[in-house]
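Peer 1: build the 3D model from these lines:
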Amino acid sequence: MHVRTAVRVEGTVQGVGFRPFVHGLATGLGLTGLVGNDARGVFIEVEGDRDAVERFLGGLREPPPLAVIERITTRALPTGGPRGFAIVGSDATGRRAALV
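Peer 2: Numbering: from 1, shown residues only. Next comes the predicted model:
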C-alpha cells in the first residue's frame, strides 16, 4: 500500500547533519518527499510503500551522533506529493523552540 506521512522531529536536530541523514535514509528506502528546518525543529514528508515508510520512521530513532531526539510525531497526508527527495530551505518564522 502506498502512503504519505508528515513527520515532525523535535530536539537537538539542527546543525548536526540531521537533514542529510534524513535524505540518505529516505532515498535509501526509495521514498520521495522533503525535509527542512523551522523554528520547532525538523519537518519531513515521506511517500512510498507503507513498509518502507515504517522502516524510515524506525531509522529516525538512530540519528547522527550529535542529534538528540525529544519527540517524533506523525500524521497521514493525501498521496501525490513531490517526486524525488529534496532538502528544502529553512523557515525562520515563528518562536524558536528547537535546540541548536
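
Peer 1: number of residues surrounding the nearest residue to V3 once chain neighbours are set aside?
Peer 2: Excluding its sequence neighbours, the residue lying closest to V3 (CB to CB, 6 or more residues apart in numbering) is R50, at 4.9 Å. Bear in mind the C-beta positions are built from the backbone N, C-alpha and C, glycine included. R50 has 11 neighbours, counted by other CB atoms under 10 Å.

Peer 1: contact partners for R50?
Peer 2: M1, H2, V3 (CB atoms under 8 Å, 6 or more residues apart in numbering).

Peer 1: how far away is it from F21?
Peer 2: Applying CB to CB, to the nearest Å, the value for R50 to F21 is 22 Å.

Peer 1: just want the most central residue of this structure.
Peer 2: Compute the mean C-alpha point of the chain, and by CA atoms, centre = their mean the closest residue is I44, 3.2 Å away.

Peer 1: who does that residue bridge with?
Peer 2: With DSSP bridges as the criterion, I44 is bridged to V7, V35.

Peer 1: quick one: pLDDT of it?
Peer 2: Note for I44: predicted pLDDT of 97.

Peer 1: and the host helix or strand of G48, what does it pack against?
Peer 2: G48 belongs to strand 41-49 when assigned by DSSP states H and E. Helices and strands touching strand 41-49, by 3 or more CB pairs under 8 Å, 6 or more residues apart in numbering; DSSP states H and E, are strand 2-12, helix 18-28, strand 32-38, helix 50-59.

Peer 1: how does it look with 7 Å?
Peer 2: strand 2-12, helix 18-28, strand 32-38 (3 or more CB pairs under 7 Å, 6 or more residues apart in numbering; DSSP states H and E).
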